[in-house]
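*Asks:* The following block contains a protein sequence and its predicted model.
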Amino acid sequence: MDKIADIHSFKERQNIILEGFDPVSAGGFTQLPNCVLNDPHLSAGGKVVYAKLLSYAWYNNRVFPGQDTLAEEIGAGKRTIIRLIAELEKRGYVEVKRRGQGLTNVYVLRHTVRHTEKK
């Protein structure tokens, strides 16, 4: 089969098409690690919060978003953000270092996931 036939065959099987989409000019993009994406014990909301924290890390080299900011940008309530961050902590994807009254937390995103089961 020649290259043209291969391309047509691929396009026939393709079920997601990005048309007119330029992620760089559209504000960038964030890749979510497959271990996070495919974790059946992590909620969809937890995956979104992880992705958002990761997007801050890539953009700013440090992650200092407040929970109010996360809630606003994701379209969730602050209590939901707190619950989802706790879920990420429990699964070992994130470590939260609390800095005290009035200061934002520091979020450490783990390259090597340490699954912990806190009760």
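*Replies:* Yes, it's here.

*Asks:* Which stretches in the protein count as helices?
*Replies:* Along the chain, the segments classed as helices by DSSP state H run 3-13, 34-37, 44-60, 67-74, 78-91.

*Asks:* List the buried residues for the last one?
*Replies:* Read it as helix 78-91. 80-81, 84-85, 87-88, 90-91 (16 or more other Cβ atoms under 10 Å). (Each C-beta comes from the backbone N, C-alpha and C, glycine too.)

*Asks:* Okay, and the beta partners of residue 97?
*Replies:* residue 106 (DSSP bridges).

*Asks:* burial count for it?
*Replies:* 8 (other Cβ atoms under 10 Å).

*Asks:* which residues does it contact?
*Replies:* 105-108 (Cβ atoms under 8 Å, 6 or more residues apart in numbering).

*Asks:* contacting residues for the residue nearest to residue 94 when sequence neighbours are not counted?
*Replies:* Setting aside the residues directly before and after it, residue 94 is nearest to residue 88 in space (Cβ to Cβ, 6 or more residues apart in numbering), at 4.0 Å. Listed by Cβ under 8 Å, 6+ apart, the contact partners of residue 88 are 42, 46, 49-50, 94.

*Asks:* Out of the contacts of residue 97, the closest to residue 57 would be?
*Replies:* residue 107 (8.1 Å; Cβ to Cβ).

*Asks:* and that closest one, how many residues sit next to it?
*Replies:* Using other Cβ under 10 Å, residue 107 has 24 other residues around it.

*Asks:* Wait, it touches residue 95, no?
*Replies:* Yes - under the criterion of Cβ atoms under 8 Å, residue 107 makes contact with residue 95 at 7.5 Å.

*Asks:* Could you dump the contacts of residue 88 into TSV with neighbour count and pLDDT added?
*Replies:* Output for the contacts of residue 88, formatted as TSV (neighbours: other Cβ atoms under 10 Å; pLDDT from 0 to 100):
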residue	neighbour count	pLDDT
42	20	95
46	22	96
49	27	94
50	26	91
94	24	89
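
*Asks:* ok, residue 65 to residue 42 distance?
*Replies:* In this view, residue 65 and residue 42 are 19 Å apart by Cβ to Cβ, to the nearest Å.

*Asks:* Alright, that wraps it up for me.
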